[in-house]
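> my questions concern the predicted model and sequence given below.
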Amino acid sequence: GLALLLVGPSRLLAQLEDANYRYYVLDDPSIPDSEYDRLLRELEQLEQAHPELASPDSPTHRIGHSVQTSFGKVKHRIAMLSLANAFSDEEVADFLQRIANTVPAEQLEFSCEPKLDGLAISLRYQDGRLVQAATRGDGEAGEDVTVNIRTIRCIPLKLRGHGYPKVLEVRGEVYMPRQAFESYNQRALQRNEKTLANPRNGAAGSLRQLDPKVTASRPLSFYAYAIGETQGMAMPGTHSEILALLRVWGLPVSAEVRTVHGLQAVLDYYRSMQQRRDGLAYDIDGVVYKLNSTAWQDELGFVSRAPRWAIAHKFPAQEQATTVLAIDVQVGRTGAI
Ligand code: D41
């Protein structure tokens, strides 16, 4: 009996973590949602009966109880840089040319990624456990949104496996998938609640909630796109290998990431993402090119808080300012305007 109890929660926990990984990171679900919910309820019951066996990293502990009065401040150990923008092929060509002045031609390899329209955050893992999550803020310091971030189901509370560094900071974007945004607003309308203006505002507003229960009710998601501080392990020498490792450790990375060589190839990536834009599950406002070699990244450094080795190639804006020319008011049969 005792042996079963000891094994019970940790086996269930492993099953739930595995199901989560297959669903959110590999995009290849292993069990139906109903089975996941059944396992979660089983774990809940076991933990209620034997609280001493419950792990703080259990999926039953994603939502904390405390409502905060404000967010603490977090100084980033490594600044979160901003991204320079390119609005045309010529500006991208200039960006590559500047790099080519320093970097040999055969090293002009770029990791290309969609540029998600969300909110940049930094996750800090210590010994594989999520200990802190902070917004980007001004890049030097942000706000402590740990309790809110913990409610996002695709963000692992514990890293997978054993090969991760003692300290690992993961940078990425919190976003609201388009379909989830639509469903959320439909429900809000039915209940006479406030709707969200757009997925980006939805993501930002949801993380700014002082009550984690409110954040938990918002359909948020996350993609990792960089690392910050690491301790206790040498990281690979290319950005694409780093992303691949983050994925192994259980972090969601966009399936659209590609490694390509040279100007023509990055522009081809831009065109193909532009074509596929409407079919993606999330809003993007462009793509990002990052020089793949971290040694050459370090060599290039940064100017005015933006790395010289990365650039955002923006799509033409879809939202435009406009002028209302006239409003025609009609009076209905019942007198309603
Ligand atoms: O998808 C994004 N919004 C995105 C943002 C991305 N895919 N990559 C990014 N990479 C960086 C560097 C190169 C500085 C690590 C970023 C951002 N930065 C970024 N997000 C907000 C400010 C900067």
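Cool, the structure landed. Quick caveat: nothing in here was measured; it's all calculated off a predicted structure. Numbers count the residues shown, from 1 in each chain.

> from here on, contacts and neighbour counts on C-alpha atoms
Fine.

> share the number of residues neighbouring residue 231, please.
Here the number of neighbours of residue 231 (other Cα atoms under 10 Å) works out to 13.

> now do the phi/psi pair for it.
Per-residue torsions, residue 231: phi -140, psi 140 (degrees, to the nearest 10).

> any idea how far the helix or strand residue 179 falls within is from the chain center?
Using DSSP states H and E, residue 179 maps to helix 178-190. Its chain's C-alpha centre and that of helix 178-190 lie 20 Å apart, by Cα atoms, centre = their mean, to the nearest Å.

> average pLDDT for that helix, rounded please.
Averaging pLDDT along helix 178-190 yields 93.

> which residues touch the following helix or strand past it?
Per DSSP H and E, helix 178-190 leads on to helix 199-207 as the next helix or strand towards the C-terminus. The contact list for helix 199-207 (Cα atoms under 8 Å, 6 or more residues apart in numbering) reads 117-119, 145, 148-149, 174-178, 181, 196, 214-215, 218, 220, 283.

> near the ligand, which residues of the stretch 1-150 of the chain? Just list them.
Where the stretch 1-150 of the chain comes near the ligand, counting by Cα under 6 Å from any ligand atom, the residues are 81-83, 113-117, 120.

> err, the stretch 151-300 of the chain, not the other one
So the stretch 151-300 of the chain meets the ligand at 173, 225-226, 288 (Cα under 6 Å from any ligand atom).

> strands of the stretch 201-337 of the chain, residue ranges please.
Along the stretch 201-337 of the chain, the stretches classed as strands by DSSP state E, counting those that start in this stretch are 221-231, 258-261, 284-291, 302-303, 306-307, 310-314.

> now those in JSON lines, with mean pLDDT?
JSON lines is the format used below for the strands of the stretch 201-337 of the chain (pLDDT from 0 to 100):
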{"stretch": "strand 221-231", "mean pLDDT": "97"}
{"stretch": "strand 258-261", "mean pLDDT": "98"}
{"stretch": "strand 284-291", "mean pLDDT": "97"}
{"stretch": "strand 302-303", "mean pLDDT": "93"}
{"stretch": "strand 306-307", "mean pLDDT": "96"}
{"stretch": "strand 310-314", "mean pLDDT": "98"}
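
> quick one: closest of those to residue 61.
strand 221-231 (17.9 Å; Cα to Cα).

> could you list every helix and strand in contact with the closest one?
strand 167-175, helix 239-248 (3 or more Cα pairs under 8 Å, 6 or more residues apart in numbering; DSSP states H and E).

> deepest-packed of those, please.
Each of these was scored by mean neighbour count; the highest is strand 167-175, a mean of 23, by mean count of other Cα atoms under 10 Å.

> pLDDT weak spots in the stretch 51-200 of the chain?
Across the stretch 51-200 of the chain, nothing is flagged by pLDDT under 70.

> filter the contacts of helix 199-207 to the buried ones?
117-119, 145, 148-149, 174-178, 181, 196, 215, 218, 220, 283 (16 or more other Cα atoms under 10 Å).

> which non-adjacent residue is nearest the residue most central in space within the chain?
Centroid-nearest residue in the chain, with Cα atoms, centre = their mean: residue 222, separated by 2.5 Å. Nearest residue to residue 222 in three dimensions, chain neighbours excluded: residue 174, at 4.4 Å (Cα to Cα, 6 or more residues apart in numbering).
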